[in-house]
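Colleague: sequence plus predicted model, see below.
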Amino acid sequence: MDFPKTKPHIDSGQTAIIICTKNGGLFIEDQLESIKNQTYSEFDIYIAENNSSDDTLEKIYKFKKNNPDINCILSNGDDGFFSNNFINLVKSINKDYKYYAFCDQDDVWLDFHLNRGINHLKKYDVNAPCLVCSSTILINAKGRHIGNSKIFSKSPSFQNALVQSIAGGNTMIFNKGAFNLLKNLNIHNNNVPSHDWMLYILVTAYGGKVVYEKNPSVCYRQHSSNIIGSNTGFIAFCKRVKLALEGSWKKWTKVNLSLLLKQNDLPIQSKNIIDDFYQLHSSKNIFKKLFLLKKLGLYRQSFLGNINLVLAVLINKI
């Protein structure tokens, strides 16, 4: 379907909110209303609609009609792998913004979400990569509180980013410098494992700043159609062990490495880390892999996560 072009209002915002929709009719109204109710209001909303078969599109049009003062730019999505959809939407944004925010169709933002994140970003040069992310409040399909995501205490770093994403894209707010890294990423014919993980990798690889807020500002909805879901609890740990055993983790790191190896102007320190990590990934010698793991200082944010990491190294699954 071809959507009518949206003429931006004169007073458009400094921030672009980036949403990909696909059969999100049950929850998209709640998310759009939570965006509308933000205490920070200088934003435009970019929505890529990916061939929904439910009433998602009708509800977006209803929101646009009821809120003519909000710039809501609607376009055809690629209807491909979810992370590629987000990255391709990033690539389609030609207007220059200072700040950007990923947004999922089925969550709810607390009213200070944008304001807090942008206040962090204002402390740094807009052209130097900076990313703000956070923990989340977990809610069920009916919007009821069912828990909280893990709180991570270890510092964000490239050595962590290579083996773990510390926050969901639904919490991520970032500046122009970080946006440009993702926009210039050549994804070729790869399905990027996760757009949020890749953004964390890129920002840390280029020596950027990552701010992790322990206090949540997003209600992350858990329901049967979640692509990823929460990473809390022993069951979630077991699921991740299963993914490692099946080879998914090794496959994901291979894709991430292939993209990193094609990046230009990487700091020499990051290049050296990538070279060593590539050796760890490709070697079948357990002792060499363990040596490189220690040399690199790779780590995950939790005790169980680090057990999973060492296990994956020992059985050649990373």
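Modeller: Structure received. Residues are numbered from 1 along each chain as shown.
Colleague: list the buried residues in stretch 261-273.
Modeller: Gln263, Leu266, Ser270, Ile273 (16 or more other Cβ atoms under 10 Å). C-betas here are computed from N, CA, C, even on glycine.
Colleague: for Asn71, state which of these is nearest.
Modeller: Gln263 (32.2 Å; Cβ to Cβ).
Colleague: and the residue nearest to Gly247 when sequence neighbours are not counted, how many residues sit next to it?
Modeller: Once flanking residues are discounted, Gly247 sits nearest to Lys317: 6.2 Å by Cβ to Cβ, 6 or more residues apart in numbering. By the criterion of other Cβ atoms under 10 Å, Lys317 has 19 neighbours.
Colleague: then Tyr278?
Modeller: Tyr278 has 17 neighbours, counted by other Cβ under 10 Å.
Colleague: could you do Asn215 as well?
Modeller: Asn215: 11 neighbours (other Cβ under 10 Å).
Colleague: contacting residues for it?
Modeller: Shown in contact with Asn215 (Cβ atoms under 8 Å, 6 or more residues apart in numbering): Ser134, Ser135.
Colleague: does it sit in a helix, a strand or a coil?
Modeller: Secondary structure for Asn215, judged by DSSP: H, G, I helix; E, B strand; the rest coil, is coil.
Colleague: Tyr100 now?
Modeller: strand.
Colleague: need the helix or strand of the protein with the lowest average pLDDT.
Modeller: Least confident helix or strand of the chain, by mean pLDDT, DSSP states H and E, is helix 233-246 with a mean of 61.
Colleague: turn the buried residues of stretch 261-273 into CSV, including pLDDT.
Modeller: Output for those, formatted as CSV (pLDDT from 0 to 100):
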residue, pLDDT
Gln263, 91
Leu266, 94
Ser270, 97
Ile273, 97
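Colleague: where along this structure do the strands fall?
Modeller: Counting by DSSP state E, the chain has strands at residues 15-21, 43-49, 72-76, 99-103, 108-109, 130-134, 137-139, 145-148, 173-175, 209-213, 218-221.
Colleague: save those as CSV, and put in mean neighbour count and mean pLDDT too.
Modeller: CSV is the format used below for the strands of the chain (neighbours: other Cβ atoms under 10 Å; pLDDT from 0 to 100):
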stretch, mean neighbour count, mean pLDDT
strand 15-21, 25, 98
strand 43-49, 23, 98
strand 72-76, 18, 97
strand 99-103, 25, 98
strand 108-109, 22, 98
strand 130-134, 26, 98
strand 137-139, 20, 96
strand 145-148, 12, 94
strand 173-175, 27, 98
strand 209-213, 20, 98
strand 218-221, 24, 96
